[in-house]
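A.B. asks: Quick one: sequence and predicted model below, then my questions.
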Amino acid sequence: DAMVIQNPRYQVTQFGKPVTLSCSQTLNHNVMYWYQQKSSQAPKLLFHYYDKDFNNEADTPDNFQSRRPNTSFCFLDIRSPGLGDAAMYLCATGQGGQETQYFGPGTRLLVL
Amino acid sequence: QKEVEQDPGPLSVPEGAIVSLNCTYSNSAFQYFMWYRQYSRKGPELLMYTYSSGNKEDGRFTAQVDKSSKYISLFIRDSQPSDSATYLCAMKEGGRRALTFGSGTRLQVQP
């Protein structure tokens, strides 16, 4: 089945220790998104790639970076995680010209 | 004021009930409206997608959009315990890629 895959599903890191979250997709969509979702809150868009074109949301902290080496993969790097970065990180994909987005299962990040 | 308002619930109903979930919004530029279902500790799953005002039905689910009132609804008929989840509304302006989500309504269907 075509899908969006996120690894790991759970990630524990230490305060200030860099962490990378991974997303891959078999849908062959040209847009990939990263959202942050804190408990009982709406998912908040951090940034997205349209093909190789990176688009950052204005209020995304510099601590968050992303890489998309090819169509299938996208990474979220958190350079110095703080306690406030503990959240579920959701990857989504979409096709340019279509309005819907398809989400992966998420990575739950815990910062100690 | 948030762009999209959604009652957090929880909303508890008996099995077989008709469920009504709602969102209001303030941005008149929203043209595309979606409902996602999110089970605990899982990613959101797209349930319904509508463009502009009107109704759309898919099995037990009906989505309604009233742009004049800036109000959207999701109805679930013959609700099942497996429908217990958080339901997120999401909206999008034409020509933009970002979705704006509500914070979700938690639904519990009691057997």
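C.D. replies: Okay, I see it.
A.B. asks: Could I get the full set of strands for chain A?
C.D. replies: Under the criterion DSSP state E, chain A carries strands at the ranges A:4-7, A:10-13, A:19-25, A:31-37, A:44-50, A:53-56, A:64-67, A:73-78, A:87-94, A:102-103, A:107-111.
A.B. asks: Which among those is found nearest to chain B?
C.D. replies: Chain B lies closest to strand A:102-103 among the strands of chain A, at 3.9 Å (C-beta to the nearest C-beta). Just so you know, the C-beta spots here come from the backbone N, C-alpha and C atoms, and that holds for glycine as well.
A.B. asks: What pairs with that closest one, parallel or antiparallel?
C.D. replies: The pairing partners recorded for strand A:102-103 under DSSP bridges are strand A:87-94 (antiparallel).
A.B. asks: And the contacts of the partner strand?
C.D. replies: Applying C-beta atoms under 8 Å, 6 or more residues apart in numbering or on different chains, the set of residues contacting strand A:87-94 from outside is A:4, A:6, A:21, A:23, A:25, A:27, A:29, A:31-39, A:43, A:74, A:76, A:100-104, A:106-109, B:41, B:43-44, B:97.
A.B. asks: one step back: would CSV of the strands of chain A with mean neighbour count be doable?
C.D. replies: Putting those into CSV (neighbours: other C-beta atoms under 10 Å in any protein chain shown) gives the following:
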stretch, mean neighbour count
strand A:4-7, 18
strand A:10-13, 14
strand A:19-25, 19
strand A:31-37, 23
strand A:44-50, 20
strand A:53-56, 13
strand A:64-67, 17
strand A:73-78, 19
strand A:87-94, 24
strand A:102-103, 21
strand A:107-111, 18
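A.B. asks: Adding distance to B:A29, write those out as JSON lines.
C.D. replies: What follows is the strands of chain A, written out as JSON lines (distance: least, C-beta to C-beta, whole Å):
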{"stretch": "strand A:4-7", "distance to B:A29": "28"}
{"stretch": "strand A:10-13", "distance to B:A29": "36"}
{"stretch": "strand A:19-25", "distance to B:A29": "29"}
{"stretch": "strand A:31-37", "distance to B:A29": "20"}
{"stretch": "strand A:44-50", "distance to B:A29": "16"}
{"stretch": "strand A:53-56", "distance to B:A29": "18"}
{"stretch": "strand A:64-67", "distance to B:A29": "27"}
{"stretch": "strand A:73-78", "distance to B:A29": "28"}
{"stretch": "strand A:87-94", "distance to B:A29": "19"}
{"stretch": "strand A:102-103", "distance to B:A29": "24"}
{"stretch": "strand A:107-111", "distance to B:A29": "32"}
